[in-house]
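# Below are the sequence and a predicted model for it; my questions follow.
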Amino acid sequence: MMAVALKVDVDTYRGTLEGVPALLRLFDEYQVRATFLFSLGPDHTGRALRRIFRPGFLQKVRRTSVASNYGLKTLMYGVLLPGPHIGRKAGDVMRSVAEAGHEVGIHCYDHVRWQDYVAHKDEQWTRRELDLAAETFQEVFGHAATTHGAAGWQLNAHTLKWEEEAGLKYASDVRGKSAFYPVLQGIEPKCPQIPTTLPTLDELIGRDGITEENVHEYIYAESQHILPNGHVYTLHAELEGMQLLSTMEKLLVMWKGFEGTVQAVGDTYDSLDLATLPKHQIGWGELEGRSGHLAMQSIAVD
């Protein structure tokens with residue numbers, strides 16, 4: 001039986017206010033549980049325009065209608081408008097996710113700052129960002145987070161060390177094919193990684209005849225490939241929770257209609273035999289449809 005775990009990345013203030021409630025209603029209708037990972041600090045989405053000279057960034061912007069999906073106001077946060085602090089202003093929405101029975105965790109504190117800089121930052125910088133996110137999560141939910149999924153699939157070795165020390169059950173920071181214990185620059189934490197296995201909407205739409213109307217067929221076809229621990233599909237509150245909500249519904253219909261299991265990433269974790277998980281290096285690679293280099297599951301190590 002096919003198993004697909006849903007990981008919802010919530011990147012922005014608008015995505016929290018509008019996309020998250022829409023997804024909650026949809027998931028309730030289809031009786032599925034998901035993992036919601038929240039950006040907890042200021043929304044500085046507008047600062048992402050610094051990426052304009054990164055190879056592939058402008059092409060992605062044109063393909064995925066960034067302005068219409070995110071809204072012009074969001075694209076001014078941190079540039080022409082002050083960025084609202086998401087955790088302080090939208091904590092009630094975040095709590096409603098946990099109250100509905102979904103898994104909640106940390107995505108980041110400042111999404112743009114993490115995605116653009118963490119790969120080359122030191123331990124002090126990394127810990128500060130993660131501690132700020134963890135403290136805000138504690139304030140919002142009243143308990144510590146048990147999972148983290150790195151914004152933009154960007155990390156460094158200090159991230160992995162912090163995840164183990166923070167006592168997280170698991171993390172979902174990378175792209176890959178199966179659950180594993182990570183190894184990076186001499187760091188070998190006992191916090192397993194459960195990677196994203198499927199492509200995202202913004203990586204597919206606008207390529208090779210793929211449109212908003214048929215993109216669900218491509219994702220569903222990819223999800224039919226058998227993997228050791230099933231699949232993880234990363235969706236975004238700003239896309240599947242807003243203008244592409246109908247795409248998410250089509251995927252749920254297909255996955256559930258063919259006797260598939262749709263679950264939270266934590267449910268995948270609960271099914272793992274942790275004693276037999278392999279170790280894999282984390283490396284850096286490129287994926288078609290996405291700009292820059294991402295953290296990826298690499299070779300197995302003894």
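Yep, it's here.

# what's the spacing between A5 and A119?
Distance, A5 to A119, by CB to CB, to the nearest Å: 25 Å. All C-beta spots, glycine's among them, are computed from the backbone N, C-alpha and C.

# Between those two, which has more neighbouring residues?
Between A5 and A119, counting by other CB atoms under 10 Å, A5 is the more crowded of the two (29 against 17).

# quick one: that one is in a helix?
No: per DSSP: H, G, I helix; E, B strand; the rest coil, A5 lies outside any helix segment and is strand.

# List the contacts of it.
For A5, the contact set (CB atoms under 8 Å, 6 or more residues apart in numbering) comprises 35, 194, 230-233, 262-265, 267-268.

# and it, what are its bridge partners?
Bridge pairing for A5 (DSSP bridges) gives the partners V232, Q263.

# how much space is there between it and Y233?
From A5 over to Y233 the distance is 7 Å, taken as CB to CB.

# Same question for E286.
Counting by CB to CB - E286 and Y233 are separated by 20 Å.

# remind me, longest helix of this protein?
Determined from DSSP state H, the single longest helix within the chain is helix 123-141.

# what comes into contact with it?
Residues from elsewhere that reach helix 123-141 (CB under 8 Å, 6+ apart): 38, 40-41, 87-88, 91, 94-95, 98, 104-110, 113-114, 117-118, 144-145, 148, 156, 158-159, 161-162, 166.

# buried ones in that helix?
126-127, 129-130, 132-134, 136-137, 140-141 (16 or more other CB atoms under 10 Å).

# what does stretch 185-202 give?
For stretch 185-202, by 16+ other CB under 10 Å, it's 189, 191-202.

# what's the lowest-pLDDT member of those residues?
Least confident by pLDDT among those: that is D202, with 94.

# one step back: for ChimeraX, write the select line for the buried members of the contacts of helix 123-141.
In ChimeraX, a selection of the buried entries from the contacts of helix 123-141 looks like this (16+ other CB under 10 Å):
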select :38,40,41,87,91,94,104,105,106,107,108,109,110,113,114,118,145,148,156,158,159,161,162,166
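
# returning to what we had before: chain center to the longest helix of the chain: distance?
Relative to the centre of its chain, helix 123-141 is centred 17 Å away, using CA atoms, centre = their mean, to the nearest Å.

# right, and the helix or strand after that helix?
Note on helix 123-141: by DSSP states H and E, the next helix or strand toward the C-terminus is strand 147-148.

# helices or strands up against the helix or strand that that next one is followed by?
Remark: after strand 147-148, the chain's next helix or strand is helix 157-165, criterion DSSP H and E. Here helix 157-165 touches helix 123-141, going by 3 or more CB pairs under 8 Å, 6 or more residues apart in numbering; DSSP states H and E.

# mean confidence score for the helix it packs on?
Helix 123-141 comes out at a mean pLDDT of 98.

# angle of it against helix 157-165?
40 degrees (axes from the mean of the first three to the mean of the last three CA atoms, to 10 degrees).

# hmm, back to that, can you lay out the buried residues of stretch 185-202 as TSV showing distance to L252 and secondary structure?
As requested, the buried residues of stretch 185-202 are exported to TSV (distance: CB to CB, whole Å; DSSP: H, G, I helix; E, B strand; the rest coil):
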residue	distance to L252	secondary structure
P189	34	coil
C191	30	coil
P192	27	coil
Q193	26	strand
I194	20	coil
P195	22	coil
T196	18	strand
T197	18	coil
L198	14	coil
P199	17	coil
T200	16	coil
L201	14	helix
D202	19	helix
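
# Nearest to Q224 among those residues?
L198 (10.7 Å; CB to CB).

# isn't that closest one right up against V232?
Yes: using CB atoms under 8 Å, L198 is in contact with V232, at 6.9 Å.

# Report the set of residues contacting both of the two.
Residues within reach of L198 and of V232 at once, by CB under 8 Å, 6+ apart, are V4.

# which residue ranges form the helices in this structure?
13-14, 20-30, 57-64, 66-70, 72-76, 86-89, 91-99, 111-117, 123-141, 157-165, 201-204, 215-223, 245-257, 265-270.

# In JSON lines: those helices, plus distance to G176.
JSON lines is the format used below for the helices of the chain (distance: least, CB to CB, whole Å):
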{"stretch": "helix 13-14", "distance to G176": "30"}
{"stretch": "helix 20-30", "distance to G176": "24"}
{"stretch": "helix 57-64", "distance to G176": "22"}
{"stretch": "helix 66-70", "distance to G176": "26"}
{"stretch": "helix 72-76", "distance to G176": "30"}
{"stretch": "helix 86-89", "distance to G176": "28"}
{"stretch": "helix 91-99", "distance to G176": "26"}
{"stretch": "helix 111-117", "distance to G176": "19"}
{"stretch": "helix 123-141", "distance to G176": "21"}
{"stretch": "helix 157-165", "distance to G176": "14"}
{"stretch": "helix 201-204", "distance to G176": "15"}
{"stretch": "helix 215-223", "distance to G176": "14"}
{"stretch": "helix 245-257", "distance to G176": "20"}
{"stretch": "helix 265-270", "distance to G176": "13"}
